[in-house]
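Asks: requesting a structural model of the entry that follows:
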Amino acid sequence: MKKRFIPWMLLCLFSTLATRVTAKDLELQGRTLISQKPPFTINLPSEFRLVHSFTQDHPGASSQTRGYLLVRTKGKEAEEMFILQVSDRTNPQAEPMTAPPLKPYTEKRMYVHEKSMKGRDIPLDVMVQLMAWNPDAASLEPVLKKGIVIPAHWALQGQCLYLHPPDHAILMRYSRDVTSFGLKVSEKGDSWNRDTLAGNEKKAYEMFRKTFLEMVDSLSIKSR
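Replies: Next comes the predicted model:
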């Protein structure tokens, strides 16, 4: 039987056709995010608030996508964002969930990419890179509708992907505005290239990397 992959196009965009849902499978207790389906907990870098959630069915792939968009603001501006996307297998007779590995936007601004076990039975695909926040992106429209300003800045992003076999695939994306570290950093993309990273740009990256990997280390995957 054909394998069921995460519908990656939908993981990249919050579709306007998606149905709004309540986050009944998700709970926030301070900085701790608790997922009921699949069962896991993770300690986030900051206290976030949930600003948007959705679900969309994919009958042809025997799966359903759930997405949750969390934001931390300073004043009216977003400083950090956390996106959790879960693909659920809806047909028990279908093949277990599978997913392609993470890919960077560009190799020269990708700093970390590794498969990590960290004492777990389930491997994690982990990546850190530079990205650009785009306030005109359709995926961020729900944030803007809440009155939150998305600055058109470079941001550091960490991603963590893992399979919770046989029924779930989980993608977490945490990003932070590069101007939010209390350092004067360059707005030129070439200043953030991996091979020449130095000065305040390197300091900001090292702070972000430490925070993100601590978050990943805190991931506790529960058995049913």
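Asks: how close does the residue nearest the centre of the chain get to residue 72?
Replies: In the chain, the centroid-proximal residue (CA atoms, centre = their mean) is residue 173; its distance is 1.3 Å. Distance, residue 173 to residue 72, using CB to CB, to the nearest Å: 14 Å. All C-beta spots, glycine's among them, are computed from the backbone N, C-alpha and C.
Asks: low-scoring stretches of this protein, by residue?
Replies: 1-24, 118-119, 223-224 (pLDDT under 70).
Asks: the helices in it, which residues?
Replies: Taking DSSP state H as the criterion, the chain carries its helices at 8-12, 141-145, 199-217.
Asks: nearest to residue 115 among these would be which one?
Replies: Among the helices of the chain, helix 199-217 comes nearest to residue 115, with 12.2 Å by CB to CB.
Asks: residues contacting that closest one, please?
Replies: 42-45, 111-112, 116, 118, 124, 126, 128, 156, 158, 160, 174, 176, 178, 181, 183-186, 191-192, 197 (CB atoms under 8 Å, 6 or more residues apart in numbering).
Asks: filter these to the buried ones?
Replies: Using 16 or more other CB atoms under 10 Å as the burial test, the contacts of helix 199-217 include 42, 44-45, 111-112, 116, 124, 126, 128, 156, 158, 160, 174, 176, 178, 181, 185, 191-192, 197 as buried.
Asks: so residue 171 touches residue 164, yeah?
Replies: No: judged on CB atoms under 8 Å, residue 171 makes no contact with residue 164 at a distance of 11.4 Å.
Asks: coming back round to it: how deep is the spatially closest residue to the residue nearest to the centre of the chain that is not a sequence neighbour tucked in, by neighbour count?
Replies: Leaving aside its chain neighbours, residue 173 sits nearest to residue 83 (4.5 Å; criterion: CB to CB, 6 or more residues apart in numbering). By the criterion of other CB atoms under 10 Å, residue 83 has 20 neighbours.
Asks: which residues does residue 26 bridge with?
Replies: Residue 26 forms beta bridges with residue 35, as assigned by DSSP bridges.
Asks: could you export stretch 181-190 as CSV, CA atoms only?
Replies: Extracted C-alpha coordinates of stretch 181-190, given in CSV (Å, rounded to 0.1, in the frame of the first residue of the first chain):
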residue,chain,number,x,y,z
PHE,A,181,18.5,40.0,21.4
GLY,A,182,19.6,43.5,22.6
LEU,A,183,22.4,43.6,20.0
LYS,A,184,22.9,45.8,17.0
VAL,A,185,22.9,43.4,14.1
SER,A,186,23.2,43.7,10.4
GLU,A,187,20.1,43.7,8.1
LYS,A,188,22.2,42.4,5.2
GLY,A,189,21.7,38.8,4.5
ASP,A,190,25.3,38.2,3.5
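Asks: so what's the gap between that stretch and the chain middle?
Replies: 22 Å (CA atoms, centre = their mean, to the nearest Å).
Asks: how about the strands in the chain?
Replies: 4-5, 19-20, 26-29, 32-35, 40-43, 49-58, 63-74, 77-89, 97-98, 110-116, 124-132, 154-164, 168-177, 220-221 (DSSP state E).
Asks: any idea how far residue 80 lies from residue 187?
Replies: 19 Å.
Asks: pick out whichever of the two has more residues nearby.
Replies: Neighbours were counted for residue 80 and for residue 187 using other CB under 10 Å; residue 80 has more, 21 against 11.
Asks: thank you, goodbye.
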